[in-house]
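[1] I would like to see how this sequence folds:
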Amino acid sequence: MNAQEFRKKGKEMVDWIADYMENVDQRRVTPDVLPGYMRKLLPSEAPRKGEDWKNIMEDVETSIMPGITHWQHPNFHAYFPAGNSYPSILADMMADGLGIVGFSWAASPACAELEMIVLDWLGKMISLPPCFLHENGPTGGGVIQGSASDCILVSVLAARQKAIQSLKVLAPKMPEQLIMSKLVGYCSCMAHSAVEKAGIIAGVTLRQLNVDNKYALRGATLQKAIDEDKRRGLVPFYVCGTLGTTACCSYDNVQELGDVCAKEGLWLHVDGAYAGNALICPEFQYLIKGIENADSFNLNPNKWMLVNFDCSCMWTKQRKAIENAFNVNPIYLKHANSDKAVDFRHWGVPLSRRFRSLKLWFVIRSYGIEGLQSYIRQHVAMAKHFEKLVKEDNRFEILGQVKMGLVCFRIKGENYLTQELLHQINISGNLHMVPAMLNDQYVIRYAICAKDASSEHNNYAWDVIKDLASAVLEDAQITNGNMVADVVNENGTIEQEMIDAEGNEVFGFNKEVEYINMISPSVLQDKKKRNALFRMISCPERYSPRISRSLSRRRSSISELNGPHLPQKMHETMRHRAMTFHS
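    Here you go, the predicted model:
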């Protein structure tokens with residue numbers, strides 16, 4: 001492709017992206033495919049000669065788009081938002097066109113210096129203390145990492161190295177492996193799995209501590225754990241607090257944790273991947289009261305500030321500790337200004353770095369602080385609106401506080417009701433959500449994700465949820481006089497199913513399952529080894545309460561059944577169904 005062709009195809013690509021963004025609501029939210037679907041559509045070997053661009057784009061529609069989960073869809077409410085905006089897309093296009101690899105200041109001075117400036121901008125926007133800014137001197141500053149997982153790992157490795165060096169001063173002959181075996185860090189049981197993974201990579205123990213009734217880690221709990229571990233001969237060295245947990249967007253008490261860490265000499269990292277973005281709004285800045293006692297902090301503009309992935313911003317006031325943990329300086333990477341410039345290759349695991357600050361700069365300048373604040377506040381308002389809809393229906397309850405753009409709700413009663421509701425929501429293809437477990441209670445997470453989320457989108461989602469909930473609850477009502485039996489599926493797993501006096505399945509659930517992401521009937525087939533269509537035909541009462549009522553017969557009481565023969569009778573019924581279906 002030459003420059004002239006690039007101009008033409010580039011304009012076509014911009015049109016394709018704009019058309020997709022404008023019409024994404026016309027697509028199914030989640031794909032209806034099975035793992036390995038693409039191997040049936042694409043050749044097993046790469047082409048020997050270049051192909052026509054038109055053929056490539058045709059394959060995008062026939063092979064790629066059927067397997068896309070549409071994170072920008074207005075009915076996508078899973079996980080957290082995936083930042084996306086036209087200024088960010090264009091900035092990434094420019095960065096790709098420049099094609100630089102910014103591992104040091106000398107590799108591209110503009111790449112390093114813009115990163116320092118926009119991290120100072122954003123640090124001031126969220127009111128971080130000056131000790132976290134580059135302009136305040138060589139002790140602190142900000143850096144863009146690939147993800148919050150990277151930020152957490154960097155903080156753990158820096159804290160570990162600092163602890164090892166301190167202990168070697170006290171016990172110079174103690175082997176480093178022995179020192180590491182004594183190190184222990186802490187996070188809440190609500191912390192992201194990235195904290196646990198960082199501990200595994202770093203080879204240190206990270207304890208998960210209990211939270212209070214607001215799902216927050218408190219200072220007293222941390223202090224108690226530290227005291228216990230000291231008595232056991234361990235060396236506490238690190239704490240990761242969370243500002244906006246993944247499960248329910250709860251907030252650890254930063255001030256209390258900071259006071260304990262300052263007293264005990266522990267590294268405190270605060271993970272604000274999602275909710276940290278809201279700190280650009282002054283009304284939310286109370287959540288980081290005490291942040292001056294933290295050693296590092298991160299937030300992800302690629303979650304909630306209209307910046308495309310990847311862009312995770314990390315600040316530290318322990319710059320030297322981070323550089324000491326990652327400083328590998330071969331002669332071919334040295335340059336004349338090493339002692340004066342910031343080389344971000346010393347601030348993390350990767351050597352090569354993209355020009356990520358460009359898209360953050362474009363977005364902040366395009367929207368301004370006020371525009372980004374308006375975007376955050378609109379999402380919060382939409383979450384409050386959805387919370388109101390849920391509270392108006394006495395069949396549901398909300399767990400956790402709704403402060404940002406997340407609402408956690410459930411059907412009152414046993415977990416399997418909410419589990420079945422989510423199951424039906426996701427296989428419908430009309431909405432997409434994921435669950436969480438809060439104190440052994442199964443909840444559905446409704447995240448406000450779409451850039452232009454509105455009350456109309458909430459109303460549509462709630463109508464779908466209410467209708468499906470009514471069907472789930474009606475199905476549950478017909479289980480009076482029925483019993484639960486363990487069924488061994490074809491894949492050897494045990495599923496609990498409601499069966500009536502004649503061994504017919506009435507309402508199935510699996511109370512051991514904590515996470516269900518049934519995105520389509522075909523994926524359901526793979527997961528449960530029984531085709532959804534088979535279940536609908538052979539057991540219509542599961543899918544339609546009205547059919548169930550019309551098919552219902554006078555049930556014998558459970559006491560009339562010969563208990564030991566019940567599983568056998570049930571399996572005979574299922575075999576009969578299968579034979580009828582396949583014939």
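[2] tell me the pLDDT at the residue nearest the centre of the chain?
    By CA atoms, centre = their mean, the chain has its centre lying nearest to residue 79, at 4.6 Å. Note for residue 79: predicted pLDDT of 92.
[3] so how far is residue 149 from it?
    Between residue 79 and residue 149 the distance is 14 Å, computed by CB to CB, to the nearest Å. (C-beta placed from N, C-alpha, C; glycine too.)
[4] pLDDT below threshold where in this protein?
    Filtered on pLDDT under 70, the chain yields the residue ranges 331-332, 478-583.
[5] what are the ranges of the strands in it?
    141-145, 183-188, 205-209, 235-242, 267-271, 296-299, 312-316, 396-398, 406-411, 434-438, 441-447, 483-488, 494-499, 505-509 (DSSP state E).
[6] just put those in CSV and tack on distance to residue 177 and mean neighbour count.
    Putting those into CSV (distance: least, CB to CB, whole Å; neighbours: other CB atoms under 10 Å) gives the following:
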stretch, distance to residue 177, mean neighbour count
strand 141-145, 28, 26
strand 183-188, 11, 25
strand 205-209, 14, 17
strand 235-242, 14, 27
strand 267-271, 21, 28
strand 296-299, 26, 28
strand 312-316, 27, 28
strand 396-398, 48, 18
strand 406-411, 42, 26
strand 434-438, 36, 19
strand 441-447, 41, 23
strand 483-488, 46, 14
strand 494-499, 42, 18
strand 505-509, 48, 21
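[7] tell me which of those strands sits nearest to residue 34.
    strand 434-438 (19.5 Å; CB to CB).
[8] okay, the angle between that closest one and strand 406-411?
    80 degrees (axes from the mean of the first three to the mean of the last three CA atoms, to 10 degrees).
[9] that older thread, to residue 61, which of the strands of the chain lies closest?
    Using CB to CB, the strands of the chain put strand 434-438 closest to residue 61, at 27.7 Å.
[10] and the closest one, what does it pack onto?
    helix 415-428, strand 441-447 (3 or more CB pairs under 8 Å, 6 or more residues apart in numbering; DSSP states H and E).
[11] so which of those is nearest residue 208?
    Here strand 441-447 is closest among the helices and strands packed on strand 434-438 (CB to CB), at 18.2 Å.
[12] parallel or antiparallel, which strands does that closest one pair with?
    strand 406-411 (antiparallel), strand 434-438 (antiparallel) (DSSP bridges).
[13] that one: how far from the chain's middle?
    Strand 441-447 sits 13 Å away from the centroid of its parent chain (CA atoms, centre = their mean, to the nearest Å).
[14] repeat for stretch 115-122
    On CA atoms, centre = their mean, the centre of stretch 115-122 falls 25 Å from that of its chain.
[15] circling back: was I right about the residue nearest to the centre of the chain contacting residue 432?
    No - assessed by CB atoms under 8 Å, residue 79 is found out of contact with residue 432, at 9.3 Å.
[16] that older thread, same list (the strands paired with strand 441-447) but as TSV, adding distance to residue 120.
    Below are the strands paired with strand 441-447 laid out as TSV (distance: least, CB to CB, whole Å):
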stretch	distance to residue 120
strand 406-411	29
strand 434-438	35
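[17] of all these, which lies closest to residue 448?
    strand 406-411 (7.4 Å).
[18] what angle separates the closest one from helix 415-428?
    Relative orientation of strand 406-411 versus helix 415-428 (the same axes, to 10 degrees): 120 degrees.
[19] measure residue 348 to residue 354 for me?
    Distance from residue 348 to residue 354, by CB to CB: 13 Å.
[20] again but with residue 275, I slipped
    According to CB to CB, residue 275 and residue 354 sit 26 Å apart.
[21] and these two? which has more neighbours close in?
    With neighbours defined as other CB atoms under 10 Å, residue 275 and residue 354 compare such that residue 275 has more, 26 against 21.
[22] which non-adjacent residue is nearest the more buried one?
    residue 244 (2.5 Å; CB to CB, 6 or more residues apart in numbering).
[23] report the contact partners of residue 148.
    192, 194, 271, 273, 298, 300, 312 (CB atoms under 8 Å, 6 or more residues apart in numbering).
[24] now with 10 Å?
    Residue 148 makes contacts with 192, 194-195, 271-274, 276, 298-300, 302-303, 312-314, as judged by CB atoms under 10 Å, 6 or more residues apart in numbering.
[25] for residue 40, state which of these is nearest.
    The shortest approach to residue 40 among those belongs to residue 302, at 32.6 Å (CB to CB).
[26] just checking, residue 71 touches residue 29?
    Yes - using CB atoms under 10 Å, residue 71 makes contact with residue 29 at a distance of 9.2 Å.
[27] of all the helices and strands packed on strand 434-438, which one comes closest to residue 164?
    Residue 164 lies closest to strand 441-447 among the helices and strands packed on strand 434-438, at 38.8 Å (CB to CB).
[28] dump the closest one to CSV, keeping only the CA atoms.
    The C-alpha coordinates for strand 441-447 follow below in CSV (Å, rounded to 0.1, in the frame of the first residue of the first chain):
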residue,chain,number,x,y,z
GLN,A,441,-25.1,-13.2,48.2
TYR,A,442,-25.3,-13.5,44.4
VAL,A,443,-25.8,-10.1,42.7
ILE,A,444,-26.1,-8.8,39.2
ARG,A,445,-23.8,-5.9,38.4
TYR,A,446,-25.4,-3.2,36.2
ALA,A,447,-22.7,-0.9,35.0
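[29] and the helices in the stretch 101-250 of the chain?
    Secondary structure of the stretch 101-250 of the chain by DSSP state H, counting those that start in this stretch: the helices cover 109-125, 148-170, 176-182, 193-202, 219-231.
[30] distance to residue 462 for those helices - can I get that in JSON lines?
    Listed next are the helices of the stretch 101-250 of the chain as JSON lines, based on distance: least, CB to CB, whole Å:
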{"stretch": "helix 109-125", "distance to residue 462": "34"}
{"stretch": "helix 148-170", "distance to residue 462": "30"}
{"stretch": "helix 176-182", "distance to residue 462": "51"}
{"stretch": "helix 193-202", "distance to residue 462": "30"}
{"stretch": "helix 219-231", "distance to residue 462": "37"}
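[31] list just the one of those that sits closest to residue 341.
    So among those, helix 109-125 is nearest, using CB to CB, at 6.7 Å.
[32] in the closest one, which residues are buried?
    111, 112, 114, 115, 116, 118, 119, 120, 121, 122, 123, 125 (16 or more other CB atoms under 10 Å).
[33] export those residues to a markdown table and tack on distance to residue 210?
    Formatted as a markdown table, these follow (distance: CB to CB, whole Å):
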| residue | distance to residue 210 |
| --- | --- |
| 111 | 44 |
| 112 | 43 |
| 114 | 43 |
| 115 | 39 |
| 116 | 40 |
| 118 | 38 |
| 119 | 35 |
| 120 | 37 |
| 121 | 38 |
| 122 | 33 |
| 123 | 32 |
| 125 | 34 |
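[34] for residue 10, state which of those is nearest.
    residue 111 (22.9 Å).
[35] mind listing what that closest one touches?
    95, 98, 100-105, 344, 353-358.
[36] surely residue 87 is in contact with residue 306?
    Yes - the criterion here is CB under 10 Å, and residue 87 meets it with residue 306 at 7.8 Å.
[37] show me whatever sits in contact with both of these two.
    Common neighbours of residue 87 and residue 306 (CB under 10 Å, 6+ apart) are 359, 363, 364, 366, 367.
[38] what number of residues lie near the second one?
    In this case it means residue 363. 25.
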